[in-house]
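Chemist: model this:
(3 chains)
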Amino acid sequence: MGDMQFIISASPHIRSEESVPKIMYSVIIALIPAIISSIFIFGLKSLWLIVTCTVVSILTEYIFQKIRKKDVTITDGSAAIAGILLALTLPPGFPYPAAALGAIVAIALGKHIFGGLGYNIFNPALIGRAFLQAAFPVLITTWERPLTWLSQEVDAITIATPLAMMKFDMKFESLEKMLIGNIGGSLGETSAIALLLGAAFLLYKGYIQWRIPAGIFTSVVILGGTFWIIDPSKYPDPLFHILAGGMVIGAFFMATDMVTSPITYKGYWIFGIGIGILTIIIRLFGGLPEGVMYSILLMNAITPLINRYTKPRILGRK
Amino acid sequence: MAEDTNRSLYYEFVKGLWEENPIFRMLLGMCPTLAVTNSAVNGLAMGLATTFVLTCSSVMVSLVRKIVPSQVRLATFIVIIATFVTIADYFLKAFFPPISKQLGPYVPLIVVNCVILGRAEAFSSKNPISLSVADASGIGIGFTLALVSLGIVREILGNGSIFNISIFGEWFEPWIVMLLPAGAFITLGIMIGIINAFTIKKTGKGVCFGCSIGYKLQEKLVTAESMYLTPEELEAAKAKPEKKEKKKKEG
Amino acid sequence: MNKTVIRMLLVLTSVGVISGGALSGVYKAAFPRIERHRLEELKRAIFVVLPDAKNYKTLEKNELKVYQGIDETGNPVGIAFEAKGNGFQGKISMMVGIDNQFEKLTGMLVLDQIETPGLGAKIAKDKFQSQFKGLSISPEITYVKNKKPEKPNEIQAITAATISSKAVVKILNRQIKEITETFKLN
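Modeler: This next block holds a predicted model:
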C-alpha cells in the first residue's frame, strides 16, 4: 500500500489509446478545410499568416519550457493549435509582426504564466486575440474584400463584416454569402461550411463535446429569435447570428477546448448556454459588433465555479 | 550616538527605494499606480505629488504624535493628509493646469492612498521627525521611481515615446492596450514577476507579505505581520510554515 | 475617562481648525490663478470655435448659457456654447460655434473626453474637429464611414471608432436643436 505511486498530471486526462497528441492532431486535421478555404478566399497571405502564428507559438512554448526547465512538449500539437486558431481569428491583411506578438502573448500570458497545458484558465488563442484587439483596434477591424486576388485588383478594398454592418448601418448580409464565405471577416470565420466540415469530423471522432455547441446554438436561436420576432427590421434572424462572425469557429473549436471548459454534462450545458446568451447581448446591445470571443473568455473564467456546482452526487450520498 | 542616528537615517531613507518599495515590494497604493501611469510625465507628477503629501504629513504626524489620543489618531492623520492633498491639488491647478487636467480625480484621491496612511500609522506616529522625514521621502521617491518606470514602459509601447519625445519612426504601430487599464495590469505583473525572479535567485526565497520585510524599531524588527497580529498569533503563524517546509522536504 | 474625551475633542477640533485655516489661506492665494486659467481656457475655446470673434458676452435664457462672439465693431458674429453628453466610455464635453443665422457651424473644440486612447480619443484631434468648420446643420449632422463626405451636412467618422464619432454627432444635434429653439428668435 505504501509503495503505491500516484502520478498526478494535469488535464486533459486520457486513458486508452487516445493521447493528447492524437487529439490535438485530429483538431488540426479538422481545421484544414477552414485553412484551405481561407487561402482560397483571401489568397496566399492567409497561409503566411497561419504559418507565422503557428511557428511563433511553438517557438514561444519551447523557450518558456526551457526557461522553466520543464519537459519540452512542443510536439504534442497544442501550441500549434493555439497558433492556427489565433491566425484564423485575424483579418487577412493583418501585419505579420503584430500577429507574431499575438502568438507570443497567447502562449506566454495565456498558457505558461498559469503553468502550461492543463493549467490555463483561458483559451490561449483567445487571450492572444483579445490582446491584439485591445492593442491594435484599427488593424484588427480592417477587413479586406474577399476574392480580390482573383480579380487582380491592386488595392485591397476594405469592407465591413456582416455584424458591423448590422450594428452600424442596419443592413443584413445574405445568408448564402455567409454560408460560403464570400463576406468580409477574419480568415476562419468567413466560410461556415468549411468549419462545419471539420467540426463534423471531430464530433464523429468524439473529440469534442456536442453538448457545448448545442447549448450555444440553442440559446442563440431562442434568444436571438425572440428579439427577431419582436422587431425583424431591427434585429437579425437567428440563422444570421449563427453564421455571422466567430460563432461557428468559436462554438466548435474554442468553447470545446478540454482544458478551459467544464467537466460535467450539466456543466457543458450551462457553459454553452452562457456563451450563447452573452454573445447575443454583446452583439445586439454592446459597444462592439462581435461578442463570441469575450463570451467564451468570460465563461472560461467561471468554469471552476460551474464545475463546483455541478459536481455529480457520489452514489449512496445525499 | 550621533553616528548611530546618521546610519539609521540613511537606512530609513534607502529602504524605501528598493527593499521596501511601496509598489514593487509591498504592493501598496495600487489605484494611482494603475490609473495614471499611462505616460512617464503623468507618473512623475503623481509620484512627486504623493511624495510631497507623504513627507509633509509625516512631519505633521510625527510632530503631534505625543498629544494625539490613540482613539482619534486615524481621524487626525486623515485630516492632516487631506489638508496637504488639497494644497497639492490647488498647487497643480494653479501652476500646472494641463497636468492637473490629465491626472483628474487622482490627485484628490491621494487622500486614500494607503501608502500615506500606512506610513503615518506605522512609522511617523512612533518616530521622531528626522527619521520620519527620511522614511517618508525614501518611500515617496521609491513610489515615484516605480511610477515613472511603469509610465516609461507603457508610454514606449503604447505611444512610441518617452516623456513625450517620439523615439520610433513611422513604422511603429502603438500598442494601444498599454495605455488602457489592462496594459497597466500586464506591465505591473510582468515587472514584479521579473523582479521577484531575480530576488529569489539572490536570497533563495520569495519575497512575500511579512516574510522578511520590516523595519527596525527600538532594536526590534517590525514586519507587516507583527503589526497586525498579537505575539501569540505570530508564534502560531511562524510555526505553521516551518511544518509545511518539513513535509515538503520529506516528500 | 472624561479627561480623554475632552482631550480627543480638543485635539480633533484644533487640528480641524488649523488645517481649515491653512487651507483657506492657500485657497485665497491659489484661487485667482485657477480662475484666470479657467477663463483663459474658456476664452481660447470660444475664439477657436468663433474665429471672427474678438470679444464675447454671456447670454442666458431658460437656464441655457451661451457666449455671443463680437467682432471689433461690436457686431455679433455667432454663438458659442458648451455641449455635453455620453460618449463610448464617459462624458464628452465640447465647445461649439454656430453662425448668426443658425445654419452653419463655425467650429468645434473638444474640451474634455475620456474615450479610448488612440481610437475614440481621436475626436480631440484637429483632423476630426476641423470637419465641423462650415458644416451645415440642416436638417441635422450625419456621418459617413470609410469614404469622403459628399453632402454639406456630413462628416467622416473615425475608422474603428464609429461609436465615439456617432456620440459626438448625437450630442451636437441634440444641443444644437435646443440652442436654436431657445436663441434663434432674438
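
Chemist: From the chain's centroid, how far away is the top helix by length along chain C?
Modeler: With residue count as the measure and DSSP state H as the assignment, chain C has helix C:2-49 as its longest helix. Taking the mean C-alpha point of helix C:2-49 and that of its whole chain, the gap between them comes to 25 Å (CA atoms, centre = their mean, to the nearest Å).

Chemist: Give the other helices and strands that that helix contacts.
Modeler: Helices and strands touching helix C:2-49, as assessed by 3 or more CB pairs under 8 Å, 6 or more residues apart in numbering or on different chains; DSSP states H and E, comprise helix B:73-95, helix B:97-103, strand C:64-70, strand C:76-86, strand C:91-98, strand C:105-112. All C-beta atoms are positioned from the backbone trio N, CA, C, and that covers glycine.

Chemist: Select, out of those, the one closest to chain A.
Modeler: Distance to chain A, taken as CB to the nearest CB, is lowest for strand C:76-86 among those, at 11.6 Å.

Chemist: Which neighbours in the sheet does that closest one have, and how are they oriented?
Modeler: Next to strand C:76-86 in the sheet, as set by DSSP bridges, lie strand C:64-70 (antiparallel), strand C:91-98 (antiparallel).

Chemist: Check these for me and report the most buried one.
Modeler: Across these, the average number of neighbours (mean count of other CB atoms under 10 Å in any protein chain shown) peaks for strand C:91-98, which reaches a mean of 22.

Chemist: that older thread, any chance of the helices and strands packed on helix C:2-49 in TSV with mean pLDDT as columns?
Modeler: As requested, the helices and strands packed on helix C:2-49 are arranged in TSV below (pLDDT from 0 to 100):
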stretch	mean pLDDT
helix B:73-95	92
helix B:97-103	86
strand C:64-70	82
strand C:76-86	85
strand C:91-98	87
strand C:105-112	86
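
Chemist: Pipe these into JSON lines and attach distance to residue B:154 per row.
Modeler: Listed next are the helices and strands packed on helix C:2-49 as JSON lines, based on distance: least, CB to CB, whole Å:
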{"stretch": "helix B:73-95", "distance to residue B:154": "21"}
{"stretch": "helix B:97-103", "distance to residue B:154": "14"}
{"stretch": "strand C:64-70", "distance to residue B:154": "38"}
{"stretch": "strand C:76-86", "distance to residue B:154": "27"}
{"stretch": "strand C:91-98", "distance to residue B:154": "24"}
{"stretch": "strand C:105-112", "distance to residue B:154": "22"}
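
Chemist: quick one, which of those is nearest to residue C:136?
Modeler: With respect to residue C:136, and counting by CB to CB, the nearest of these is strand C:105-112 at 8.2 Å.

Chemist: hmm, who's touching the closest one?
Modeler: With CB atoms under 8 Å, 6 or more residues apart in numbering or on different chains as the contact definition, strand C:105-112 has outside contacts at C:41, C:45, C:48-52, C:77-78, C:82, C:91-99, C:123-124, C:129, C:132-135, C:137, C:168, C:172.

Chemist: Can you give the distance of that strand from its chain's centre?
Modeler: For strand C:105-112, the gap between its own C-alpha mean and the chain's C-alpha mean amounts to 7 Å (CA atoms, centre = their mean).

Chemist: for that strand, which positions count as buried?
Modeler: Within strand C:105-112, the residues scored as buried using 16 or more other CB atoms under 10 Å in any protein chain shown are C:105-111.

Chemist: Chain neighbours aside, what residue packs nearest to the residue of chain A found nearest chain B?
Modeler: Proximity to chain B, evaluated over chain A using CB to the nearest CB, is greatest for residue A:134 at 3.6 Å. Distances taken as CB to CB, 6 or more residues apart in numbering or on different chains put residue B:177 closest to residue A:134, at 3.6 Å, once the chain neighbours are dropped.

Chemist: Distance-wise, check the one you found relative to residue A:101.
Modeler: Per CB to CB, to the nearest Å, residue B:177 is found 11 Å from residue A:101.

Chemist: Return every residue with contacts to both of the two.
Modeler: Looking at what touches both residue B:177 and residue A:101 (by CB under 8 Å, 6+ apart), the common residues are A:131, A:135.

Chemist: If you count surrounding residues, which of the two has more?
Modeler: Regarding residue B:177 and residue A:101, a neighbour count based on other CB atoms under 10 Å in any protein chain shown identifies residue B:177 as having more, with 26 against 19.

Chemist: Now do the SS call for that one.
Modeler: Put simply, residue B:177 is helix when judged by DSSP: H, G, I helix; E, B strand; the rest coil.

Chemist: re earlier: which of the contacts of strand C:105-112 are buried?
Modeler: Of the members of the contacts of strand C:105-112, the ones counted as buried by neighbours, 16+ other CB under 10 Å, are C:45, C:48-50, C:77-78, C:82, C:92, C:94-99, C:123-124, C:129, C:132, C:135, C:137, C:168, C:172.

Chemist: Burial check on the closest residue to residue B:68 other than its chain neighbours, number of neighbours?
Modeler: In space, and not counting its chain neighbours, residue B:68 is closest to residue B:76: 5.0 Å by CB to CB, 6+ apart. As a burial measure, residue B:76 scores 25 neighbours (other CB under 10 Å).

Chemist: same thing with residue C:126?
Modeler: What residue C:126 shows, counting by other CB under 10 Å, is a neighbour count of 9.

Chemist: Then residue B:168?
Modeler: If you count neighbours by other CB under 10 Å, residue B:168 ends up with 12.

Chemist: can you pull the contacts of the residue nearest to residue A:134?
Modeler: Residues near residue B:177 by CB under 8 Å, 6+ apart: A:131, A:134-135, B:158, B:183, B:186.

Chemist: on that earlier part again, how about a markdown table for the strands paired with strand C:76-86, with distance to residue A:174 added?
Modeler: Formatted as a markdown table, those follow (distance: least, CB to CB, whole Å):
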| stretch | distance to residue A:174 |
| --- | --- |
| strand C:64-70 | 48 |
| strand C:91-98 | 37 |
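
Chemist: Of these, give the one that comes closest to residue B:190.
Modeler: For the strands paired with strand C:76-86, the distance to residue B:190 is smallest for strand C:91-98, at 32.7 Å, taking CB to CB.

Chemist: I would like the residues contacting the closest one, please.
Modeler: C:45-46, C:48-50, C:69, C:78-86, C:104-115, C:123, C:132, C:137, C:164, C:167-168, C:171-172, C:175-176, C:179-180.

Chemist: what about residue B:194, how many neighbours?
Modeler: Residue B:194 sits with 11 neighbouring residues when counted by other CB under 10 Å.

Chemist: right, is the host helix or strand of it up against chain A?
Modeler: Element membership for residue B:194, per DSSP states H and E: helix B:181-203. Yes - among the residues of helix B:181-203, B:182-183, B:186 lie within reach of chain A under CB under 8 Å from any CB of the partner chain.

Chemist: Low-confidence stretches in chain B?
Modeler: Within chain B, the stretches falling below the threshold (pLDDT under 70) are B:1-7, B:200-251.

Chemist: so what are the domain limits for it?
Modeler: Under the assignment automatic domain parsing, the domains of chain B span B:2-207, B:219-251.

Chemist: Burial-wise, tell me which of those domains comes out on top.
Modeler: Comparing the domains of chain B on average neighbours, where mean count of other CB under 10 Å defines a contact, domain B:2-207 leads with a mean of 19.

Chemist: so who does the residue nearest to residue B:92 when sequence neighbours are not counted touch?
Modeler: Nearest non-adjacent residue to residue B:92, counting by CB to CB, 6+ apart: residue B:100, 4.1 Å away. Residue B:100 makes contact with B:89, B:92-93, B:107 under the criterion CB under 8 Å, 6+ apart.

Chemist: mind checking how far residue B:111 is from residue B:82?
Modeler: If you measure residue B:111 against residue B:82 using CB to CB, the figure is 5 Å.
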